[in-house]
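>>> Structure for this input, please:
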Amino acid sequence: MQLTDILELGSGADPLFSDRAHASESTFTHFEQYPFVMYGAGEAAHWFYEVGVKRKGLTPLAIVDQRANEIKNYQGIPCIDLQEAVVQFGTIDIDIVVCVGDFESFLTIRANLHKHGFSKVHYQGWFYEIHNLLEVDFIGESAWREMFQQNEAAIVSAYAQMADELSQRLFAQLINAHYHRQARRFPRRPREEQHFPKDIALVKGCGSIVVCGAYDGEALRLLKQHRINAEKIFLFEPEPEIFAKLVVNVAKYQQEYGRDILAIPMATSEKTSIVSFLSGDGLGSKISNSGNCYVQAISLDDFFGIEKITRITMDIEGQEGATLRGAARLIKYQRPDLSISVYHDPKQLWEIPSTILSIESEYKLYLRNYTSYAVETVVYATYSKRKSSKISRAR
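Numbers count the residues shown, from 1 in each chain. Here you go, the predicted model:
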């Protein structure tokens with residue numbers, strides 16, 4: 001198995017592109033030159049706003065949403081309904097970027113827009129930058145591909161360690177998309193299964209859960225939705241404004257379920273120290289050398305000592321590898337189930353599996369995606385002691 005083999009396995013026809021009517025125009029460069037509007041003010045619009053508007057400096061004339069009377073504006077962009085869009089822009093056939101999560105919804109929306117006279121309709125998923133949200137300064141194509149070639153052994157090893165066909169197929173498609181910097185649609189599982197998968201047998205259960213990057217308590221909502229009765233829950237969230245929302249939700253959850261929950265206003269990393277932190281960034285506050293404040297970071301090994309842990313989840317804007325290394329003792333001796341986000345940097349696709357297996361080689365690895373974009377991709381690790389061979393037993 002070589003890198004070229006994985007790239008080939010990750011290629012193949014994709015209806016996302018075969019149905020792409022304006023392929024040459026679905027680029028940020030195109031929208032630097034032509035007026036456009038966004039369609040949809042939901043979660044997916046956040047991605048286009050952060051990359052296209054804030055980072056690339058694009059200026060949509062409006063955002064079209066059926067809830068326009070409620071929303072009024074989205075991040076300062078005037079929000080209008082479709083009828084008003086027809087009045088304002090129908091005669092000029094303006095470009096429209098549809099900001100939704102799944103391609104099937106896009107097809108329905110596009111058909112409706114065509115009926116109203118709009119022919120230049122683009123899917124947000126056609127922009128590679130949306131699949132690689134945190135890559136700010138894109139290096140040249142030659143240096144980019146050389147980075148993959150230099151890591152060929154690690155990429156091949158990570159592919160080989162994936163425990164099922166879906167994981168290997170998704171891994172190959174992600175590597176292919178990033179290598180060629182070409183957007184594509186990825187096989188996804190339902191969003192509500194993220195970090196709590198129904199199609200993977202995680203052996204340790206949810207007796208005591210650690211959530212690194214707890215945000216405002218999303219994990220609590222998922223536990224309630226899946227009817228999971230965790231005995232102890234540890235929620236790490238360093239962003240001050242978000243932490244204030246987290247403790248409110250923790251209080252509600254404790255009153256309703258009486259769980260033992262600890263909200264911790266700290267970042268997690270490899271070592272316990274004060275770190276520079278970028279607060280208030282739209283794509284995720286994070287530890288950063290260009291931060292605008294300082295926070296306390298702690299290693300999980302230092303924090304937990306002998307506390308029994310059955311599951312660790314991480315979505316911490318690129319600090320997953322460092323936090324795993326800072327939890328090496330805990331992972332080695334307790335072997336908790338792991339649920340680790342790997343979409344903040346393409347290199348995480350092979351570096352995170354390598355880090356996990358360097359700590360405990362008996363983990364089985366799975367890969368899942370929850371958006372059909374490259375974002376919200378998770379590696380799961382669950383301990384599975386390999387059985388001795390018949391030859392060994394005979395001896």
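>>> ranges for the strands of the stretch 51-200 of the chain?
Using DSSP state E, counting those that start in this stretch, the strands of the stretch 51-200 of the chain run over residues 63-64, 73-74, 77-80, 95-98, 121-123.
>>> Distance of Glu152 relative to Ile359?
According to Cβ to Cβ, to the nearest Å, Glu152 and Ile359 sit 23 Å apart. Heads up, the C-betas are built off the backbone N, CA and C, glycines and all.
>>> hmm, I was thinking of Ser290
30 Å.
>>> Flag every buried residue along the helix or strand where Asn249 lies.
Take DSSP states H and E as the rule and Asn249 turns out to sit in helix 240-257. Neighbour counts over helix 240-257 (16 or more other Cβ atoms under 10 Å) mark 242-243, 246-247, 249-250, 253 as buried.
>>> among those residues, which two are most distant?
The two members of those with the most space between them (Cβ to Cβ) are Ile242 and Tyr253, at 16.0 Å.
>>> still on that earlier bit, show me how far the helix holding Asn249 is from its chain's centre.
23 Å (Cα atoms, centre = their mean, to the nearest Å).
>>> and Glu84, how many residues sit next to it?
14 (other Cβ atoms under 10 Å).
>>> same question but for Tyr373, I mixed them up
Tyr373 - counted by other Cβ under 10 Å - has 26 other residues nearby.
>>> Pull out the buried positions in stretch 57-65.
By neighbour count on 16+ other Cβ under 10 Å, the buried set for stretch 57-65 is 58, 60-65.
>>> Output stretch 187-201 as PDB - backbone C-alpha positions only.
Provided in PDB are the C-alpha atoms of stretch 187-201 (Å, rounded to 0.1, in the frame of the first residue of the first chain):
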ATOM      1  CA  PRO A 187     -20.300   9.600   3.800                       C
ATOM      2  CA  ARG A 188     -21.800  10.900   7.100                       C
ATOM      3  CA  ARG A 189     -23.600   9.600  10.100                       C
ATOM      4  CA  PRO A 190     -26.500  11.500  11.800                       C
ATOM      5  CA  ARG A 191     -25.200  14.700  13.600                       C
ATOM      6  CA  GLU A 192     -26.700  13.700  16.900                       C
ATOM      7  CA  GLU A 193     -24.400  10.600  17.000                       C
ATOM      8  CA  GLN A 194     -21.300  12.800  17.100                       C
ATOM      9  CA  HIS A 195     -19.100  11.600  20.000                       C
ATOM     10  CA  PHE A 196     -21.900   9.100  20.900                       C
ATOM     11  CA  PRO A 197     -22.000   6.700  17.900                       C
ATOM     12  CA  LYS A 198     -24.600   4.100  17.500                       C
ATOM     13  CA  ASP A 199     -22.700   2.100  14.900                       C
ATOM     14  CA  ILE A 200     -19.500   1.600  16.900                       C
ATOM     15  CA  ALA A 201     -19.300  -0.700  20.000                       C
END
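>>> Could you give the separation of it from the chain centroid?
Once both centres are worked out by Cα atoms, centre = their mean, stretch 187-201 turns out to sit 13 Å from its chain's centre.
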